[in-house]
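Enquirer: Just to be clear, the model below is a prediction. Sequence and coordinates:
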Amino acid sequence: MTSHKTTQTMKPATAAKKLGVYLEATPPEFQDGVVSRDELNALQTDPPEWLRELRRTGPHPRQVVAARLGVSIGGLARGGITGALTTEQIDALKTEGPEWLERERAIQADVRKETARVKENVKEQAN
């Protein structure tokens with residue numbers, strides 16, 4: 001009995017999400033093919049110039065935008081941000097500090113505090 005190791009592959013959208021980049025901004029050869037686990041690992045350990053540039057300047061997917069702004073993805077939507085943003089646009093939002101952004105950051109801070117409180121209560125009950 002011989003075992004054949006099959007190569008795990010993923011759709012470009014999945015690979016883009018794992019890489020933290022906006023799929024539509026990636027090169028056509030990335031968008032049109034499939035990505036193997038080995039290729040993904042290679043992209044993560046030694047990113048090509050296009051990937052470094054995307055990570056540096058964007059456009060960035062919503063989960064990256066939300067993280068850079070310190071809000072949730074839902075908070076982005078409530079603030080009217082539904083698409084990808086560039087690093088320049090994210091920095092402009094941080095500088096402007098619109099009311100919705102400050103409100104969503106406060107909500108996110110409250111959520112983090114509550115999560116920490118619950119985690120601490122669970123830890124105390126376990127002891």
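Expert: Arrived safely, thanks for sending. Numbering: from 1, shown residues only.
Enquirer: Sketch out the strands for the chain, chain order is fine.
Expert: 9-10, 35-36 (DSSP state E).
Enquirer: Can you tell me which of those strands is packed in deepest?
Expert: Greatest average neighbour count among the strands of the chain goes to strand 35-36 (a mean of 18), per mean count of other CB atoms under 10 Å. Just so you know, the C-beta spots here come from the backbone N, C-alpha and C atoms, and that holds for glycine as well.
Enquirer: average pLDDT across that strand?
Expert: Averaging pLDDT along strand 35-36 yields 90.
Enquirer: So what are the sheet partners of that strand and their directions?
Expert: Counting by DSSP bridges, the strands paired with strand 35-36 are strand 9-10 (antiparallel).
Enquirer: What lies in contact with the partner strand?
Expert: 18, 34-37, 40 (CB atoms under 8 Å, 6 or more residues apart in numbering).
Enquirer: if we take those residues, which one ends up nearest to Pro98?
Expert: Of all the contacts of strand 9-10, Lys18 has the smallest distance to Pro98: 30.9 Å, by CB to CB.
Enquirer: For that closest one, give me its contacts.
Expert: Going by CB under 8 Å, 6+ apart, the list of residues near Lys18 reads 10, 40, 44.
Enquirer: any idea how far it lies from Asp32?
Expert: Relative to Asp32, Lys18 is positioned 18 Å away (CB to CB, to the nearest Å).
Enquirer: so where's this protein uncertain?
Expert: 1-5 (pLDDT under 70).
Enquirer: Mind naming the longest helix for it?
Expert: helix 99-126 (DSSP state H).
Enquirer: how about that one: buried residues?
Expert: In terms of neighbour count (16 or more other CB atoms under 10 Å), helix 99-126 has its buried residues at 100-101, 104-105, 108.
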